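Participant: build me a model:
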Amino acid sequence: MVETRGFLFGLGTTGITEESAVKMMAKYFFQLSSPGRTTSSTRRGSIESCDETENNSLTGTDWDWDAGLEHEERLLQQDVTQQIERRLTEAKASILRCQVLLLPRHTSARVGQDVVRSSVDEPCGLRGASIQVYVEFKDKLKYLGSVSPDPDITPTFELSVIFKADRDDGWPPLKAIFDSSKVLKLRAEYRLVKRKLYSSASPVIHDFN
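Facilitator: As a prediction, this is how the structure comes out:
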């Protein structure tokens, strides 16, 4: 476990203002901005990427997988990953009702890779996917929206990407500044549920740590 908060808030929360907290986040976090937007510093309402565990880093196998993709497929994977991030960004205020959304580092890249892996046995590959994005809370699922890799192709399978909310962890100093209901951290774990649209086969569920 990489205790990033120990470096940020080792001296406690006394005297930490909203402005100073945002500056510290900018120093220790990598911001995931919506595609088409560029920012020079961390700002309120952004999705932040943080160290969660050592196992979250992209391994050599992951990089080998990316290297084995054709250029067009790699671009499609990147586009799908960005669209999933966009669904998270757009849902912060309206659906997730948070001001700060924390995402463990490399999580969206890992999701993108696993989405591609789930499509390798499909006739149209990733282009034939209909991707639904959710966040799972303790008592319910919240639907964030859909992702269509290729709108010109009729989907052959549906893939649900389910992120998991972590309400019991996170950054207490941020909660003290922003209000506990305004900070939401997603866990490194997520679930993919694949359902073939033209088959009576049961859905296939994969859990990733």
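Participant: report how many residues lie close to the nearest residue to T81 once chain neighbours are set aside.
Facilitator: In this structure, T81 finds its nearest non-sequential neighbour in G112, 3.5 Å apart by Cβ to Cβ, 6 or more residues apart in numbering. The C-beta positions use only the backbone N, C-alpha and C, and glycine is treated the same way. Burial measure for G112: 23 neighbouring residues, criterion other Cβ atoms under 10 Å.
Participant: what about the protein, any weak spots by pLDDT?
Facilitator: 1-69, 167-181 (pLDDT under 70).
Participant: how about the helix ranked longest in it: buried residues?
Facilitator: In the chain, with assignment by DSSP state H, the single longest helix is helix 71-91. Of all the residues in helix 71-91, those buried under the rule 16 or more other Cβ atoms under 10 Å are 73, 76-77, 79-89, 91.
Participant: do the same with stretch 188-195
Facilitator: Of the residues in stretch 188-195, those buried (16+ other Cβ under 10 Å) are A188, E189, Y190, L192, V193, K194, R195.
Participant: nearest to E158 among the residues you listed?
Facilitator: Nearest to E158, judged by Cβ to Cβ, of the buried residues of stretch 188-195 is R195 at 4.7 Å.
Participant: tell me the SS of that closest one?
Facilitator: strand (DSSP: H, G, I helix; E, B strand; the rest coil).
Participant: mind listing what it touches?
Facilitator: Residues counted as contacts of R195 (Cβ atoms under 8 Å, 6 or more residues apart in numbering) are F157, E158, L159, S160, P203, V204.
Participant: format those residues as a markdown table; extra columns: distance to A129, neighbour count and secondary structure.
Facilitator: Shown next, in a markdown table, are those (distance: Cβ to Cβ, whole Å; neighbours: other Cβ atoms under 10 Å; DSSP: H, G, I helix; E, B strand; the rest coil):
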| residue | distance to A129 | neighbour count | secondary structure |
| --- | --- | --- | --- |
| F157 | 6 | 22 | strand |
| E158 | 8 | 16 | strand |
| L159 | 5 | 25 | strand |
| S160 | 11 | 19 | strand |
| P203 | 14 | 12 | coil |
| V204 | 14 | 13 | strand |
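Participant: mind exporting stretch 79-99 as PDB, just the C-alpha atoms?
Facilitator: This file holds the C-alpha atoms of stretch 79-99, laid out as PDB (Å, rounded to 0.1, in the frame of the first residue of the first chain):
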ATOM      1  CA  ASP A  79     -10.800   6.500 -27.500                       C
ATOM      2  CA  VAL A  80     -13.000   4.100 -25.500                       C
ATOM      3  CA  THR A  81     -10.900   4.800 -22.400                       C
ATOM      4  CA  GLN A  82     -11.400   8.500 -22.800                       C
ATOM      5  CA  GLN A  83     -15.100   8.100 -23.300                       C
ATOM      6  CA  ILE A  84     -15.400   6.100 -20.100                       C
ATOM      7  CA  GLU A  85     -13.500   8.900 -18.300                       C
ATOM      8  CA  ARG A  86     -15.800  11.400 -19.900                       C
ATOM      9  CA  ARG A  87     -18.800   9.500 -18.500                       C
ATOM     10  CA  LEU A  88     -17.300   9.700 -15.000                       C
ATOM     11  CA  THR A  89     -16.500  13.400 -15.500                       C
ATOM     12  CA  GLU A  90     -20.000  14.300 -16.700                       C
ATOM     13  CA  ALA A  91     -21.700  12.300 -13.800                       C
ATOM     14  CA  LYS A  92     -19.900  14.000 -10.900                       C
ATOM     15  CA  ALA A  93     -22.400  16.700 -10.200                       C
ATOM     16  CA  SER A  94     -25.600  15.300 -11.700                       C
ATOM     17  CA  ILE A  95     -25.500  11.600 -10.700                       C
ATOM     18  CA  LEU A  96     -22.600  11.000  -8.300                       C
ATOM     19  CA  ARG A  97     -23.200  14.300  -6.600                       C
ATOM     20  CA  CYS A  98     -19.600  14.900  -5.700                       C
ATOM     21  CA  GLN A  99     -17.200  17.800  -6.100                       C
END
